[in-house]
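Asker: just a sequence and a predicted model for now, questions to come.
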Amino acid sequence: SNRMPPCILPRADCVLVLIGPFKAIIRSDTALFFDTDRAMVRGALDRLSGMLRLRHLEMTTASAMQGRGNNSGMADVAIHSPQAFELLVIEHLLSELCDSYSRRLKLFQPVVGQLLAAMAEGYEAGAMEGLHRLVPVKNGISNFEMVTSEALDCIAELLKNDEDMVGLLLTERETRLRKGETVALSKHAMVELMLENYHRRLMLVRQSIKHLQSRIRSSQEMTALHIDINRNRIIHTNLHLTMAGVSLAAMTTVAGFYGMNLDIPVALGAGNPNAFSAVTVGCAFLGGSWYGLSVAYANGWVRRDKRKRMADVTALQRIFENMGSIDHTVNSLIRQDGDSMCKAEFAAALTKEIGETSREVSEREVDLIFEIFDPNVDGDIDSDELRMVMGAGSDRRRDRDAAWDAKRKKERKGGKGDGDGDGGSGSGSGSGSGSGSG
């Protein structure tokens, strides 16, 4: 039959419970269970029966002690009000469910650990050997996570509804009905505390399940990385074989020229006793030189690209580690209207903000930051640029554009060096900014 989602539904004179393997109709003094042929249900019922017998024995003993105390004139013996039957049964079922899920989690942990260890230690062979086991393990963990989430949602929905929690108090409701009263909503506090306890336990189980799933994903990513490394190694080997083949082809080209059925000039070896050795050494040198140049070019390009990428990765990691310091430095510059910072000033301010004397902010980190906050690529960032990048309003943008235009006009005037005078009819000459005499 199709699996039904778990639920705890209070009704007029009973509570319907369907959670995990337990199916029951619970009344204020009796409980009817289904599927009792299952071993887990039968074991839970045996433990519940023992707990109820112990509870009955404690109540009987306490009543007898109170009766003897009254007959002898002694002070009354306090008898704590026992937990209602329906709440005791519901709590027992939830406790059995949480214990079952905790045990199941402990079974999954060594299985996943052994599988991941084999995949990590054996590399390709271990990965291929454990690959057929990975799929059923992932499916089992996913199903386990699904049923745990459903049980969590069931309890969470019950916690959201005070009326449903009060509806679980069947004994209290019957007592109030005999008096012509209703159960106040404030009575749900006891039920809420009980449900929150088991909600927390199930939440911990689900978090552990998600941790197992993340370990499996990390192992898959590591295995894919190993496969990529092996693929790159094969490509690298194929590249070297290709370069070696081209080098041998260059050597055999010379031999092909000499093998033509034509007269060989004297200068190229006819009648020269050292011609064979010279041609052989020359061909070997040509092939070796070609191969060496090819390897140097390939390795140099790869290493330069790798070094650049690693520098970017390291710089980005440090930027995200110090994001709070960068935010404070940027906000400080925004609050100082009209001020600007070059790369060196920004690096010094950020280093001071980070407060680490062991290292300074690298040039690559500053370059990556300026790629974002310096849209006009002038080597300086100011408050207007920061507001634009961080989403300022249209009025700020208009003010920024006007400020940039004024700044560019000022730079163009200062850089011309036309020597115009300020204070008279005379004019200075030369490449500098001379001033005439009035």
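Answerer: Perfect, I can see it now.
Asker: CA only for contacts and neighbour counts going forward, please
Answerer: Will do.
Asker: residue 57: how many residues sit nearby?
Answerer: 12 (other CA atoms under 10 Å).
Asker: and for the one 3 residues further on?
Answerer: As a burial measure, the neighbour count of residue 60 was computed by other CA under 10 Å and equals 12.
Asker: ok, residue 384 to residue 325 distance?
Answerer: 20 Å (CA to CA, to the nearest Å).
Asker: residues touching the closest residue to residue 252 other than its chain neighbours, list them.
Answerer: Excluding the flanking residues, the one nearest residue 252 by CA to CA, 6 or more residues apart in numbering is residue 283, at 7.9 Å. Residue 283 makes contact with 250-252, 254, according to CA atoms under 8 Å, 6 or more residues apart in numbering.
Asker: most neighbours, which of those residues?
Answerer: residue 251 (22 neighbours).
Asker: helix or strand for that residue, which one?
Answerer: Assignment of secondary structure by DSSP states H and E places residue 251 within helix 188-258.
Asker: likewise for residue 5?
Answerer: Using DSSP H and E, no helix or strand contains residue 5.
Asker: ok, now residue 13?
Answerer: Here residue 13 is assigned to no helix or strand, by DSSP H and E.
Asker: going forward, the N-terminal residue is numbered 43.
Answerer: In the new count, where the first residue is 43, that last one comes out as residue 55.
Asker: the helix holding residue 293 - what's its average pLDDT?
Answerer: Across helix 230-300, the average pLDDT comes to 85.
Asker: quick one: the helix or strand following that helix to helix 230-300, angle?
Answerer: Going down the chain from helix 230-300, the next helix or strand is helix 317-363, by DSSP H and E. Calculated by axes from the mean of the first three to the mean of the last three CA atoms, to 10 degrees, helix 317-363 forms an angle of 160 degrees with helix 230-300.
Asker: CA atoms of the helix or strand following helix 317-363 as CSV?
Answerer: Per DSSP H and E, helix 317-363 leads on to helix 365-377 as the next helix or strand towards the C-terminus. Written as CSV, here are the backbone C-alpha positions of helix 365-377 (Å, rounded to 0.1, in the frame of the first residue of the first chain):
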residue,chain,number,x,y,z
MET,A,365,35.3,41.0,4.4
GLY,A,366,34.3,42.7,7.6
SER,A,367,37.5,44.8,7.5
ILE,A,368,37.0,45.7,3.9
ASP,A,369,33.4,46.7,4.6
HIS,A,370,34.5,49.0,7.4
THR,A,371,37.2,50.6,5.2
VAL,A,372,34.8,51.2,2.4
ASN,A,373,32.2,52.6,4.6
SER,A,374,34.7,55.0,6.2
LEU,A,375,35.6,56.3,2.8
ILE,A,376,32.0,56.7,1.8
ARG,A,377,31.4,58.8,4.9
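Asker: for helix 365-377, the distance to its chain's centre please.
Answerer: 26 Å (CA atoms, centre = their mean, to the nearest Å).
Asker: same thing with stretch 325-335?
Answerer: For stretch 325-335, the distance to the chain centre is 50 Å (CA atoms, centre = their mean).
Asker: picking up where we left off before, mind checking which of residue 426 and residue 367 has more residues around it?
Answerer: residue 426 (23 against 19).
Asker: the more buried one falls within a helix, correct?
Answerer: Yes: under DSSP: H, G, I helix; E, B strand; the rest coil, residue 426 sits within a helix.
Asker: for it, give its distance to residue 409.
Answerer: 19 Å.
Asker: next one: residue 213
Answerer: Distance from residue 213 to residue 409, by CA to CA: 72 Å.
Asker: what about the helices in the stretch 343-480 of the chain?
Answerer: Secondary structure of the stretch 343-480 of the chain by DSSP state H, counting those that start in this stretch: the helices cover 365-377, 385-396, 405-415, 425-431, 436-458.
Asker: quick one: average pLDDT of the helix or strand encompassing residue 199?
Answerer: When elements are assigned from DSSP H and E, residue 199 belongs to helix 127-202. Helix 127-202 comes out with an average pLDDT of 84.
Asker: could you give the separation of that helix from the chain centroid?
Answerer: Distance, centroid of helix 127-202 to centroid of chain: 20 Å (CA atoms, centre = their mean).
Asker: report the inter-axis angle for it versus helix 230-300.
Answerer: Using the same axes, to 10 degrees, helix 127-202 lies at 60 degrees relative to helix 230-300.
Asker: how far does the following helix or strand past helix 127-202 sit from its chain's centre?
Answerer: Counting by DSSP H and E, the next helix or strand C-terminal to helix 127-202 is helix 204-209. Its chain's C-alpha centre and that of helix 204-209 lie 38 Å apart, by CA atoms, centre = their mean.
Asker: what is the helix holding residue 199 packed up against?
Answerer: For helix 127-202, the packing partners by 3 or more CA pairs under 8 Å, 6 or more residues apart in numbering; DSSP states H and E come out as strand 49-52, strand 64-68, helix 81-113, helix 204-209, helix 212-220, helix 230-300.
Asker: may I see the ones you listed arranged in TSV, with distance to residue 132 as well?
Answerer: TSV is the format used below for these (distance: least, CA to CA, whole Å):
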stretch	distance to residue 132
strand 49-52	9
strand 64-68	8
helix 81-113	11
helix 204-209	12
helix 212-220	12
helix 230-300	10
